[in-house]
Structures are given as C-alpha cells and as structure tokens.
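Enquirer: Sequence first, predicted model second:
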Amino acid sequence: MATKRKNIQYINRDFSEIRASLVDFSRTYYPTTYNDFSPTSPGMMFMEMAAYVGDVLSFYLDNQIQETYLQYARQTNNLYELAYMFGYKPNVTQVATTNIDFYQQVPSILSGSSYVPDFTYSLFINQNAQVQSPLNTSTTFLIEDPIDFSVSSSGDPTEISIFSISSGNPIYFLLKKSRKAISAKINTTQFSFGAPIPFSTVEINTSNIVGVLDVIDSETNEQWYEVDYLGQEMVFNSIKNTNINDPNLSQYSGDTPYLLKLDKIQRRFATRFLDSGSLQLQFGAGNVNDNDESIVPNPNNVGIGLPFEKNKLTTAYAPDNFLFTRTYGIAPSNTTLIVRYLTGGGVADNVFANSLTTLTADTKFLNSNLNATTANTIFASLAVTNPLAADGGGDGDSIEEIRQNSSANFASQLRNVTQNDYLVRTLSMPAKYGAVSKAYIEPTKAQSISAGESQSILDLYVLSYDVNNQLSLCSPALKQNITTYLSQYRMVNDSVNIKDAFIINIGVNFDIIVLPNYNSNEVLTKCIIALQDYFTIDKWSINQPIILRDIYVLLDLIDGVQTVKTIDIKNLVGENLGYSKYAYDISAATVSNVIYPSLDPSIFEIKYANTDIQGRIVPL
C-alpha cells in the first residue's frame with residue numbers, strides 16, 4: 001500500500017502561523033488519533049513547543065541572512081568585517097586637529113652693515129613632539145614632523161620678526177614655525193614571539209585607538225611596516241634630501257626636504273579593528289630565510305610552475321602574488337616587538353585657542369660650539385601655543401556612517417582611471433616630499449603625439465610656491481617624487497608627462513568715482529584690499545580666466561563707490577624685475593570682457609599685491 005503524500009507548508013515563519021499549521025496538519029492526517037486541541041491539552045503543549053522552536057530558528061535564520069548584507073547588518077562586529085571586505089577601515093574615534101605655533105628667540109649678528117638672525121642658535125625639535133594644556137593634562141596633541149628653525153622653505157617657512165631693540169639695533173629676533181597637530185597620545189606595549197607561527201595575530205585592547213605609530217624589533221632594531229594587506233610588498237619610504245643620498249637633487253632640498261622611494265619589504269603587518277576597543281595586528285607566514293619574494297617571473301616559473309593548473313592560458317594571475325608564492329611577509333620569531341600606538345580623540349579634545357602651551361619633546365641645538373649663557377637664554381625662550389581652537393574631535397563611525405563610507409570606498413579605488421584621479425592623487429602627496437600648489441592635467445595634444453605613440457598620454461602641469469607664497473616652477477626633485485608617487489597608482493597603458501605650467505604676471509589699474517561725503521582715500525584703500533583678496537593666488541587655478549564683469553561688480557559693492565569707470569589688466573614681464581619671463585598679449589586674449597589664458601596651460605598671478613594693484617579717484 002502506497003504511503004499518502006502529506007502536504008507540508010514551508011512558508012510559515014512565526015509562532016502563530018507554525019502553531020496553526022501544526023494543528024491543521026494533525027486534524028488532517030490524524031483525525032482519530034488526536035482531537036483535543038484545547039489550550040491546556042498535552043498535545044497542544046507539544047505543538048506550541050515545536051512552534052516556539054520553529055519561530056526561534058526562523059528569527060536566527062533571518063538575522064544571519066540580514067547580517068551578511070552591508071545595507072542591513074546591525075551588529076558592529078559584522079559591520080566591521082563587511083567594511084574590510086569593501087576596503088574601508090572604520091574609525092573608532094575622531095581626533096581633533098589644530099595648528100601649533102612654535103616660537104624661539106635667536107641673537108642678532110652683524111652681517112656687513114646690517115643685523116641678521118644668528119641661526120647657529122636655532123633649535124631642533126624631534127618628531128612626535130607632544131603639546132598639552134597645563135589645565136588639562138589628559139588631552140595631548142601630537143606633532144608628527146620634526147621642527148628645524150634653521151630651515152625655511154615654501155612647504156615649511158620660518159617667519160622672522162624683531163623681538164627686542166637696543167640703541168636702534170635689534171638684539172634678538174623671533175623665529176616662528178607652524179605645524180598641524182592631532183589630539184593623540186603615544187602609548188607603548190610589547191609582544192613576545194617564540195617559534196614562528198604563520199599569520200600570527202596580537203591584539204591591543206583599549207578605548208579610542210587611533211592607529212599604530214610604529215613597530216620595532218627589539219632584537220635587531222629593525223622596523224616592521226604597516227600595509228593595507230599582507231600581499232602588499234611595496235611601501236613608500238623617504239630619505240633625507242642630502243648630498244650623500246642624492247648628489248644631483250640635494251641642491252633642491254629647500255623645497256623638497258625628503259625624497260620619496262619605493263621599498264620592497266618582508267617585515268610587514270596589517271591591522272584591523274575587531275570592535276571599537278580591539279585592534280588586531282596580523283603578521284605574515286614566511287620564514288626570514290625563505291626569500292621567495294625576490295623570485296623574478298619568467299616563463300619557466302610562471303607557465304610551468306603551477307602544477308595544480310591544467311590550463312595555464314586561462315589562469316587568473318594577481319600582480320600582488322604573480323607566482324603564487326607565500327609572499328605575505330615573514331612571521332616574527334624568537335623576538336619581542338615594541339609597538340607604539342596612538343589613542344585620543346573625542347569631543348573633549350576640541351580645546352580652546354591659546355590653551356596648548358606645555359611642550360614635551362626632545363629639543364636640542366644642532367651646533368655645539370655655543371655660548372652657554374646665551375644658549376640657556378635661547379632654550380628658555382622656546383614657547384608654543386595654538387592660535388585657533390581645535391576642532392574635529394568626536395566619536396567613531398556610527399553604524400550608518402560605516403555603511404555609507406564602505407560603499408563610497410568600494411566605488412573609489414586606488415587606481416588612477418580618470419584624469420581627475422591623477423590630479424587629486426598629485427595634490428594629495430604629503431608636503432614633506434615637496435608641495436604641489438597648482439596642478440592641471442589634460443591629454444597630450446594631437447600634434448604633439450609622435451607616430452606610433454599611444455593616445456593614452458597625459459600631460460600633468462604643475463607649479464609650486466616659494467617662501468613668499470608666490471608661484472614658482474617645481475624642482476627636478478619634486479617632479480621625481482611625483483613620478484615615484486604616481487607609479488603605484490598609474491594604469492599600465494597610461495603615460496604621464498610632468499611639465500611646468502606657464503606663469504603670467506599681471507597688474508591691475510582701475511579708476512573709480514566716489515560718492516559725495518565719503519573719504520576718497522578710505523574708499524580707494526577698501527577697493528585695493530578687495531582686489532588683493534580677489535586675486536589671492538590660493539583662489540586661482542591653472543587655466544582659469546579673468547572675468548572683468550566680476551571685478552566691476554566687486555568694486556561697485558564697496559561702500560562709497562559710485563561708479564567704476566575703467567579697469568585695465570596689464571601684463572608684467574621681465575625676470576630682472578622679479579616677474580615671469582613669459583609675455584602675454586592681454587588685449588588679444590580678451591573676448592567679451594573675459595581674459596582667457598593661453599592654449600598652453602597657464603595661470604594669472606599678481607606677484608606683488610602691494611604695488612601691482614593701483615587705483616585712482618577720478619571726477620564724474
């Protein structure tokens with residue numbers, strides 16, 4: 001006799017639906033076996049217990065499915081894991097930032113017929129200096145870069161002013177430098193390792209972790225480098241731009257104090273937050289004697305070196321691990337690693353202006369043959385303060401912020417795909433490798449492409465600032481750093497030519513009519529100040545035209561101006577006068593009250609704002 005096929009419902013998911021289905025199932029298939037469905041009957045007890053178990057299982061099944069999707073997950077640890085899958089590293093705290101001004105006095109010295117600062121008494125403050133408020137020592141601000149008062153460059157200017165005078169001559173000068181600072185404190189911990197363990201991990205458990213500052217091997221004093229993932233072999237590193245390191249580029253150390261280079265490293269680690277209070281460090285799997293990272297790919301060890309692949313033509317090769325070797329770095333063994341990490345952040349770190357006045361740092365004179373009394377006076381003159389209040393401090397990423405930031409990070413990629421990718425990447429290069437102040441990129445013009453050259457050639461035009469915040473050409477050292485920096489993000493078929501943009505120096509002459517009962521000199525001064533602000537070079541970019549109508553409107557809005565009669569933009573040229581050597585026909589470039597730059601990428605600049613902007617009061 002054939003068994004009757006029973007109708008089972010699979011769509012019921014909650015307690016009441018499962019309970020109702022069990023009752024219907026019993027009544028349909030066991031009508032004579034059991035028919036007491038009252039709430040207190042033993043049969044209903046078992047059916048309700050089964051419904052309870054089914055409801056709980058359904059809940060956890062739904063919850064597990066929900067937690068696998070970034071847009072629906074709610075558990076923090078799952079969101080962290082999903083964020084790392086999308087290439088985003090969540091923030092567990094937000095640090096406050098501010099500018100810190102450093103001051104020191106130096107004695108004057110007679111040079112020729114004038115007194116100048118004696119830079120032999122310049123102080124040097126080592127990197128990772130810490131500044132605190134004397135009223136709140138729990139908040140510490142960290143300055144990453146060292147401070148050398150004897151060096152002044154476009155990226156790190158030293159402001160000089162007279163501090164004290166005697167008999168009409170300066171006795172002491174005041175030197176000032178500024179640095180960006182973040183609200184973070186340096187903490188130190190140690191981890192001991194015995195026999196090498198592949199992909200070993202350690203954890204730092206505390207609150208408000210900003211990140212790892214450095215990891216040093218206590219046995220060999222070698223540094224371990226943090227990478228985004230263990231398969232990453234190349235890291236950016238820097239060397240001081242000195243004659244010993246590079247005799248050809250050391251002459252440009254003023255605007256490029258460090259040279260950027262790429263290093264292939266074995267000692268590396270990756271970090272990830274397990275939750276808001278746990279940072280995990282993971283190391284590699286190799287042995288220090290297994291140097292399989294230096295194998296050079298060739299047809300013998302690529303096409304034939306994969307015994308598990310029958311068809312080598314369709315193998316998916318990864319550039320990070322081309323040979324399928326264990327290129328994940330080495331595992332620490334029989335040593336102790338000293339880990340320095342940063343903690344800080346939070347709303348409480350948004351301190352008031354002029355509240356950070358206590359400096360803790362390794363400070364010294366670079367010269368040893370100094371007068372002891374004068375040196376003590378200079379050392380005691382060192383002072384710090386924050387002219388502006390700190391801001392930006394807050395909590396870490398919220399659940400929704402992790403979702404949104406992960407999605408945005410997945411859409412953006414480290415590869416330079418569009419022209420703007422190259423532009424943004426160039427401008428984001430750290431200032432210690434040279435400051436790129438202006439950048440513009442475009443495809444190489446067709447007439448400039450030689451026969452057989454690829455059409456994917458881009459021309460990157462760059463300019464820098466000098467110590468007076470005026471435009472200048474980028475040095476060869478800075479261009480080399482740009483080349484090195486872009487090499488890790490450049491598409492394989494892209495070629496980037498780094499060129500100098502053209503600087504067109506201009507002056508402005510204008511005539512205005514002043515309303516009655518207004519002081520003409522005051523109105524004229526306001527107009528000149530407004531134009532100086534309008535032509536501030538920080539507000540101008542390469543290939544930006546000058547719209548004369550905007551200047552007319554700007555001056556018309558000055559209180560006391562009745563009419564702007566004329567505005568004349570003139571070209572100022574001549575290196576002997578301090579201007580650019582490139583002449584430009586302003587009148588020929590003016591169309592419908594718009595002055596256009598040249599076809600070759602160029603930028604307009606008022607170099608000497610105090611003298612190159614002149615105005616007159618004319619009668620009606």
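Expert: Structure received.

Enquirer: longest single helix anywhere in this structure?
Expert: Using DSSP state H, we find that the single longest helix of the chain is helix 42-66.

Enquirer: how far does it sit from the chain's center?
Expert: 51 Å (C-alpha atoms, centre = their mean, to the nearest Å).

Enquirer: One more: stretch 580-591?
Expert: Offset of stretch 580-591 from its chain centre (C-alpha atoms, centre = their mean): 37 Å.

Enquirer: in this structure, which ranges drop under the pLDDT threshold?
Expert: 1-4, 288-327, 411-414, 446-456 (pLDDT under 70).

Enquirer: ok, back up a step: following the chain past the longest helix of the chain, name the next helix or strand.
Expert: helix 76-85 (DSSP states H and E).

Enquirer: about what we covered before: how about residues contacting the longest helix of the chain?
Expert: Helix 42-66 has contacts (C-beta atoms under 8 Å, 6 or more residues apart in numbering) with 12-16, 18-19, 22-23, 26, 34, 36-38, 72-74. For glycine as for every other residue, the C-beta is placed from the backbone atoms N, C-alpha and C.

Enquirer: Please list only the buried members of these.
Expert: N12, F15, I18, R19, L22, V23, S26, A73 (16 or more other C-beta atoms under 10 Å).

Enquirer: Most widely separated two among the residues you listed?
Expert: S26 and A73 (39.1 Å; C-beta to C-beta).

Enquirer: In space, what's closest to T377 - neighbours in sequence excluded?
Expert: Nearest non-adjacent residue to T377, counting by C-beta to C-beta, 6 or more residues apart in numbering: Q105, 7.5 Å away.

Enquirer: residues of stretch 195-207 that come out buried?
Expert: P196, S200, V202, I204.

Enquirer: Let me see the ranges of the helices in the chain.
Expert: Under DSSP H, the chain gives helices at 15-29, 42-66, 76-85, 299-302, 372-380, 399-411, 419-427, 476-487, 520-534, 548-556, 609-612.

Enquirer: Show me the one of the ones you listed that comes nearest T335.
Expert: helix 76-85 (27.7 Å).

Enquirer: which residues sit against that closest one?
Expert: So helix 76-85 is contacted by 67-68, 70, 73, 89-90, 272-276, 399, 402-403, 405-406 (C-beta under 8 Å, 6+ apart).

Enquirer: same question, stretch 243-257
Expert: Around stretch 243-257, the neighbours that count as contacts under C-beta under 8 Å, 6+ apart are 151-156, 239-242, 259, 432-435, 464, 466, 472, 475-478, 480-481.

Enquirer: any idea how far Y341 lies from S428?
Expert: Counting by C-beta to C-beta, to the nearest Å, the gap from Y341 to S428 is 24 Å.

Enquirer: Looking only at neighbour counts, state which of these two leads.
Expert: Y341 (22 against 9; other C-beta atoms under 10 Å).

Enquirer: nearest residue to the more buried one other than its sequence neighbours?
Expert: V212 (5.0 Å).

Enquirer: How about the contacts made by the one you found?
Expert: E226, T271, L279, L281, V339, R340, Y341, L342 are the contacts of V212 under C-beta under 8 Å, 6+ apart.

Enquirer: Show me which pair in these is furthest apart.
Expert: Farthest pair in these, by C-beta to C-beta: L281 and L342, 14.0 Å.

Enquirer: ok, N420 - how many residues close by?
Expert: Neighbour number of N420 under other C-beta under 10 Å is 10.

Enquirer: Output the helices of the chain in CSV, with distance to I143 appended to each entry.
Expert: Formatted as CSV, those follow (distance: least, C-beta to C-beta, whole Å):
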stretch, distance to I143
helix 15-29, 61
helix 42-66, 45
helix 76-85, 30
helix 299-302, 47
helix 372-380, 18
helix 399-411, 27
helix 419-427, 23
helix 476-487, 22
helix 520-534, 30
helix 548-556, 39
helix 609-612, 31
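
Enquirer: now for these, which one comes closest to S183?
Expert: Of these, the one closest to S183 (C-beta to C-beta) turns out to be helix 399-411, at 19.5 Å.

Enquirer: and the angle from the closest one to helix 76-85?
Expert: With axes from the mean of the first three to the mean of the last three C-alpha atoms, to 10 degrees applied, the angle from helix 399-411 to helix 76-85 works out at 20 degrees.
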